[in-house]
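*Asks:* need coordinates for the following:
(chains A, B, C and D)
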2 protein chains.
Amino acid sequence: MTKTNRIPLNRDRVLAAAVALADNGGLESLSMRKLAQEFGVVPMALYKHVANRQALVDAMIDVVFAEIELPDATGSDWKTAMRRRAHSVRAALLRHRWAVGLMESRENPGPPNRRHHNATMGCLREAGFSLRDAVHVLSALDSYVYGFALQQKTLPFDTAQESREVVERVGRRIDADAYPYLIEVTTELAKSGYSYDEEFEIGLDALLAGLTTLELQN
Amino acid sequence: MTKTNRIPLNRDRVLAAAVALADNGGLESLSMRKLAQEFGVVPMALYKHVANRQALVDAMIDVVFAEIELPDATGSDWKTAMRRRAHSVRAALLRHRWAVGLMESRENPGPPNRRHHNATMGCLREAGFSLRDAVHVLSALDSYVYGFALQQKTLPFDTAQESREVVERVGRRIDADAYPYLIEVTTELAKSGYSYDEEFEIGLDALLAGLTTLELQN
DNA sequence: ACCTGAACACCGTTCAAGT
DNA sequence: ACCTGAACACCGTTCAAGT
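*Replies:* Got it, this is the predicted structure:
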């Protein structure tokens, strides 16, 4: 490595580069060695700024949490607030798909993570939910939002157009006699496509409607 | 490798050993090299039975799907059937935590996967849901079940006792002035613990209740 | 104080060779 | 037909050394 006048490394630049790498190629393509290369630096130079790869990923999760809009405890009704929160979480996970499945994995959450959960619990408590019921509402919504993001991440198509192509390709290989209901659904989806946005909304509406029961018990 | 009278390798034995390894140490601890060692065989010997590591994991997913109980289309009402299915999926994912997040990731699902989705769609269609509504119900339930499994997998405690310990440890490090609602919830959970089973049931009830709206539209 | 270089113990997978 | 051995291009992380 020749002596050049590089901007010195710092934690934020390392994190930003790591997030960019993972956004492009997924978490498994983010290696300490590639990340070092981004800065024209030897891999070991990174270890001054992050303890190890796991600590790097943990810090990246906080970057994602920081992008999520905080629910407003004193504003509109809880359903509107929770709906906005769900959309904000989903949007962040679509920008950073590598983070899907890792959002709740840290034993020591960073400040953005704490701020987020504190604000969300605050919103529900101020809306009149008992503590246990607020936990139930948050747990159910998080499960739904994270699970939906998981399916969108792992399913092999993204747009309605792609869905038609994949479904058609898969459908052609299905034994129609053995799996009549699969044929039915692939035929329909191949014809009219599939919108993740609509699907997300419908399930979210159903869940929020179902959770109203908890509200009425207070 | 000395010449011994080994049972010859075959696909099923390879898969079973791979699942056992992943059950114990997680997916990242399942390497082709370690798997080969289980059989006292050189890594390359495995490549006669699986194309590569990705194909191995894909086949393992089918092993998990095969363990899930098929919903009965002609039996009880759809809510009961979907509730049983949700429990069966969750149970399989608790036995095989490495599979959480991978269940819907294959472009070419194997027979157990197809049987499962065909039976589930069949159950909903026979219950009177329109095709699109059956898709909505299945998508919402899968999101919830997979998302819940994800949180249980990644959250750093399992039993109610462990939850108390972790929550107490984490709680001690929280700034009470900055995060009052977090303090409130950690205090409560440290006192009375947290049961994943109860939590799962409450959210599932709410979602099923909310999905009834779709049923009434038919 | 900060960065480097060599080394260690791992990976998945290739290719050509052995029996 | 089935298994092997050596090799290649990667990993994360250590340690001791350089400036």
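*Asks:* tell me how far the residue nearest in space to the middle of chain A lies from DNA strand C.
*Replies:* Centroid-nearest residue in chain A: residue A:93, 2.9 Å away (criterion: CA atoms, centre = their mean). According to CB to the nearest atom of the strand, to the nearest Å, residue A:93 stands 27 Å off from DNA strand C. To be clear about C-beta, it is placed using only N, CA and C from the backbone, and glycine gets the same treatment.
*Asks:* same check on residue A:21?
*Replies:* With distances taken as CB to the nearest atom of the strand, residue A:21 is found 18 Å from DNA strand C.
*Asks:* run the chain-centre distance for the least confident helix or strand in chain A by mean pLDDT.
*Replies:* Least confident helix or strand of chain A, by mean pLDDT, DSSP states H and E, is helix A:160-172 with a mean of 77. How far helix A:160-172 lies from its chain's middle: 25 Å, per CA atoms, centre = their mean, to the nearest Å.
*Asks:* likewise for stretch A:184-193?
*Replies:* With CA atoms, centre = their mean as the basis, stretch A:184-193 stands 27 Å off its chain's centre.
*Asks:* ok, that stretch near chain B or not?
*Replies:* Yes: interface with chain B: stretch A:184-193 contributes A:184, A:185, A:188, A:189 (CB under 8 Å from any CB of the partner chain).
*Asks:* can I get the least confident helix or strand of chain A as CSV, trimmed to CA atoms?
*Replies:* Provided in CSV are the C-alpha atoms of helix A:160-172 (Å, rounded to 0.1, in the frame of the first residue of the first chain):
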residue,chain,number,x,y,z
ALA,A,160,-46.0,-8.1,-10.8
GLN,A,161,-44.4,-8.7,-14.2
GLU,A,162,-41.7,-10.9,-12.7
SER,A,163,-44.3,-12.8,-10.7
ARG,A,164,-46.1,-13.7,-13.9
GLU,A,165,-42.9,-15.0,-15.5
VAL,A,166,-41.8,-17.1,-12.5
VAL,A,167,-45.3,-18.4,-11.8
GLU,A,168,-45.7,-19.4,-15.4
ARG,A,169,-42.3,-21.1,-15.4
VAL,A,170,-43.0,-23.0,-12.2
GLY,A,171,-46.6,-23.7,-13.1
ARG,A,172,-45.6,-25.5,-16.3
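*Asks:* residues of it that come out buried?
*Replies:* A:163, A:164, A:166, A:167, A:170, A:171 (16 or more other CB atoms under 10 Å in any protein chain shown).
*Asks:* that one near chain B at all?
*Replies:* Yes: on the criterion CB under 8 Å from any CB, helix A:160-172 is in touch with chain B at A:166, A:170.
*Asks:* equivalent analysis for stretch A:92-106, please.
*Replies:* Yes: interface with chain B: stretch A:92-106 contributes A:100, A:101, A:102, A:104, A:105, A:106 (CB under 8 Å from any CB).
*Asks:* pull out the buried residues from the residues of stretch A:184-193 next to chain B.
*Replies:* Buried among the residues of stretch A:184-193 next to chain B (16+ other CB under 10 Å): A:184, A:185, A:189.
*Asks:* which strand or helix spans the second one?
*Replies:* Taking DSSP states H and E as the definition, one finds residue A:185 inside helix A:180-192.
*Asks:* what comes up buried for the helix or strand following that helix?
*Replies:* As assigned by DSSP H and E, the chain's next helix or strand after helix A:180-192 is helix A:196-216. Buried residues in helix A:196-216, counted by 16+ other CB under 10 Å: A:196, A:199-200, A:202-211, A:214-215.
*Asks:* now do stretch A:175-184
*Replies:* By neighbour count with 16+ other CB under 10 Å, stretch A:175-184 contains the buried residues A:179, A:181, A:182, A:183, A:184.
*Asks:* over to stretch A:14-26?
*Replies:* A:14, A:15, A:17, A:18, A:19, A:21, A:22.
*Asks:* got the contact list for the last one?
*Replies:* Going back to what we said before, that points to residue A:22. A:29, A:30, A:60, A:96, A:98 (CB atoms under 8 Å, 6 or more residues apart in numbering or on different chains).
*Asks:* my guess is the first one contacts residue A:18. True?
*Replies:* No: with contact defined as CB atoms under 8 Å, residue A:29 does not reach residue A:18; the gap is 11.1 Å.
*Asks:* closest to residue B:141 out of the residues of stretch A:184-193 next to chain B?
*Replies:* residue A:185 (15.0 Å; CB to CB).
*Asks:* check contacts around residue A:21.
*Replies:* Residues near residue A:21 by CB under 8 Å, 6+ apart: A:29, A:30, A:34, A:35, A:38.
*Asks:* next one: residue A:120
*Replies:* A:71, A:85, A:138.
*Asks:* how many neighbours does the last one have?
*Replies:* The number of residues packed around residue A:138, counting by other CB atoms under 10 Å in any protein chain shown, is 20.
*Asks:* contacting residues for it?
*Replies:* Residues near residue A:138 by CB under 8 Å, 6+ apart: A:117, A:120, A:121, A:124.
*Asks:* for chain A, just list every one of the helices.
*Replies:* For chain A, the helices defined by DSSP state H cover A:11-25, A:32-38, A:53-67, A:78-95, A:111-126, A:131-154, A:160-172, A:180-192, A:196-216.
*Asks:* correct me, but residue A:142 touches residue B:147?
*Replies:* Yes: in this structure, residue A:142 is within contact of residue B:147 by CB under 8 Å, at 6.8 Å.
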